[in-house]
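Colleague: The sequence and its predicted three-dimensional model are supplied below.
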Amino acid sequence: QVQLVESGGGLVQAGGSLRISCVASGTVFTIYTMGWYRQAPEKPRELVARISTSGSTNYAPSVKGRFAISRDDAKETVYLQMNNLKPEDTAVYYCNADPDPATGTYYTENYWGQGTQVTVSS
């Protein structure tokens, strides 16, 4: 059973920083591209950042330069360091694991965590 468990969310003032984490279990972590998505009330879920199995990253334009995604394959964990937070960053942040065919895996199922709330006050 694959599980993704996020932690580290909370309440922070605008301009502050927060690091959220996602620990994976029940699978081979290194075959997955890992991503962070977020969903604000009454808005669709959107991509925040992704990191490939080789470590390449991509970011939503709204967070580029402020957020940094990283992964520790030995700890089966992906992180999102969020700096200079803004009220519009307020959302539930979800971890995602997406099998990378380039690794040679035959796995295709995509997994989501339960989410962690990040609230930025003005």
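Modeller: That came in fine, so what should we check first?
Colleague: ok, residue 91 touching residue 38?
Modeller: Yes. Counting by C-beta atoms under 8 Å, residue 38 is a contact partner of residue 91 at 3.8 Å. For every residue, glycine as well, the C-beta is placed using N, CA and C.
Colleague: residues contacting residue 105?
Modeller: Contact analysis of residue 105 by C-beta atoms under 8 Å, 6 or more residues apart in numbering lists 28, 31, 99.
Colleague: one more time with 10 Å
Modeller: Residue 105 is in contact with 28, 30-32, 53, 99, counting by C-beta atoms under 10 Å, 6 or more residues apart in numbering.
Colleague: quick revisit: which residues do residue 91 and residue 38 both contact?
Modeller: What both residue 91 and residue 38 touch, as defined by C-beta under 10 Å, 6+ apart, is the set 45-46, 48, 115-116, 118.
Colleague: Got the confidence number for the spatially most central residue of the chain?
Modeller: In the chain, the residue lying closest to the centroid (C-alpha atoms, centre = their mean) is residue 36, at 2.3 Å. On pLDDT, residue 36 comes in at 98.
Colleague: Then residue 117?
Modeller: pLDDT, residue 117: 98.
Colleague: any weak-confidence spans in this protein?
Modeller: Within the chain, not a single segment meets pLDDT under 70.
Colleague: ranges for the strands of it?
Modeller: Secondary structure of the chain by DSSP state E: the strands cover 3-7, 10-13, 18-25, 32-39, 46-51, 57-59, 67-72, 77-82, 91-99, 111-112, 116-121.
Colleague: thinking residue 39 is in contact with residue 94, fair?
Modeller: Yes. Between residue 39 and residue 94 a contact is recorded at 7.0 Å, counting by C-beta atoms under 10 Å.
Colleague: And these two? Which one has more around it.
Modeller: Set side by side, residue 39 and residue 94 show more neighbours around residue 94, with 20 against 14, by other C-beta atoms under 10 Å.
Colleague: residue contacts, the more buried one?
Modeller: By C-beta under 10 Å, 6+ apart, the neighbours of residue 94 are 4, 6, 22, 35-39, 45, 48, 112-116.
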